[in-house]
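Enquirer: What follows is a protein structure lacking sequence information:
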């Protein structure tokens, strides 16, 4: 049996998690929230990375197309959680895997033997994204878009929007450029298998606001830094395949849970090089999941 947990389509690549036998849809709502929370945190980290490399925004018309690659490290404390199944008479259980973890826990009750699902056993996640931006009057509008598309039994869609304004344009003579930026990103992924229990849907919502500063040297080298507040959540709908009477009437129906991410603040430090219309940049993002990003942009 297969359950869809994550489907992200970028640059003709997809990630689909499936496992035979013991799967996340065996978990009751309270446990699947803890199992999938690191995924919600990662998606927020991913969508809110790579949105700038320069606080300077043209007064005239400008266009920019960027391809951004990311490398996100998964902390050890995001790979396990303490099970609390709410079943009488089983006592305290050892830690079990989250979606990014490895080893699973289990318990024995009057109904028999229950094993938690394992995870993907990931130490890091490399991924990328593309985005386009238009600017005018020291204001930039950015888009991330992938049309709702079907891939076998899954479908995926993405819409992201950002707007920033160069505050320093109102204060001539400042030694650095300063901008404020607002980001909103939403994705929707769904998997429908051949059977009623082979179903999962993820709606991810992300919001961020940041202030960033940059300094350009010789019109070639750029040093930039920023501080960001961000908030992310994931609406997860799945078929709770509970067939051993552990959890009563909750089983054998679709369950919907809200999974809030843990990422709140981010500090970014990076540099870029301008070579004609092309810009190459790299930075480090210090947040719940430390993320390294680099990009190439066509900027004119």
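Expert: Perfect, I can see it now. Bear in mind that the values here come from a model prediction, so they are computed numbers and not experimental data.
Enquirer: so residue 169, which of the three states?
Expert: Applying DSSP: H, G, I helix; E, B strand; the rest coil to residue 169 yields a three-state assignment of helix.
Enquirer: what's the closest residue to it other than its chain neighbours in contact with, if anything?
Expert: Ranked by C-beta to C-beta, 6 or more residues apart in numbering and with sequence neighbours excluded, the top spatial neighbour of residue 169 is residue 138, at 4.1 Å. In this view, the C-beta of every residue, glycine as well, is placed from N, C-alpha and C. Taking C-beta atoms under 8 Å, 6 or more residues apart in numbering as the definition of contact, the neighbours of residue 138 are 57-59, 165-166, 169.
Enquirer: For the stretch 151-300 of the chain, just list every one of the strands.
Expert: 154-166, 177-192, 199-217, 221-240, 253-260, 265-275, 278-286, 291-299 (DSSP state E, counting those that start in this stretch).
Enquirer: could I get these as JSON lines with mean pLDDT, distance to residue 34 and mean neighbour count?
Expert: Listed next are the strands of the stretch 151-300 of the chain as JSON lines, based on pLDDT from 0 to 100; distance: least, C-beta to C-beta, whole Å; neighbours: other C-beta atoms under 10 Å:
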{"stretch": "strand 154-166", "mean pLDDT": "92", "distance to residue 34": "25", "mean neighbour count": "19"}
{"stretch": "strand 177-192", "mean pLDDT": "93", "distance to residue 34": "21", "mean neighbour count": "20"}
{"stretch": "strand 199-217", "mean pLDDT": "94", "distance to residue 34": "16", "mean neighbour count": "19"}
{"stretch": "strand 221-240", "mean pLDDT": "94", "distance to residue 34": "12", "mean neighbour count": "19"}
{"stretch": "strand 253-260", "mean pLDDT": "90", "distance to residue 34": "9", "mean neighbour count": "15"}
{"stretch": "strand 265-275", "mean pLDDT": "97", "distance to residue 34": "22", "mean neighbour count": "17"}
{"stretch": "strand 278-286", "mean pLDDT": "98", "distance to residue 34": "25", "mean neighbour count": "17"}
{"stretch": "strand 291-299", "mean pLDDT": "97", "distance to residue 34": "23", "mean neighbour count": "20"}
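Enquirer: out of those, nearest to residue 91?
Expert: With C-beta to C-beta as the criterion, residue 91 lies closest to strand 221-240 of these, at 23.9 Å.
Enquirer: I'd like the distance between residue 133 and residue 143.
Expert: Distance, residue 133 to residue 143, by C-beta to C-beta, to the nearest Å: 7 Å.
Enquirer: anything in contact with each of those two?
Expert: With C-beta under 8 Å, 6+ apart as the test, residue 133 and residue 143 both reach residue 162.
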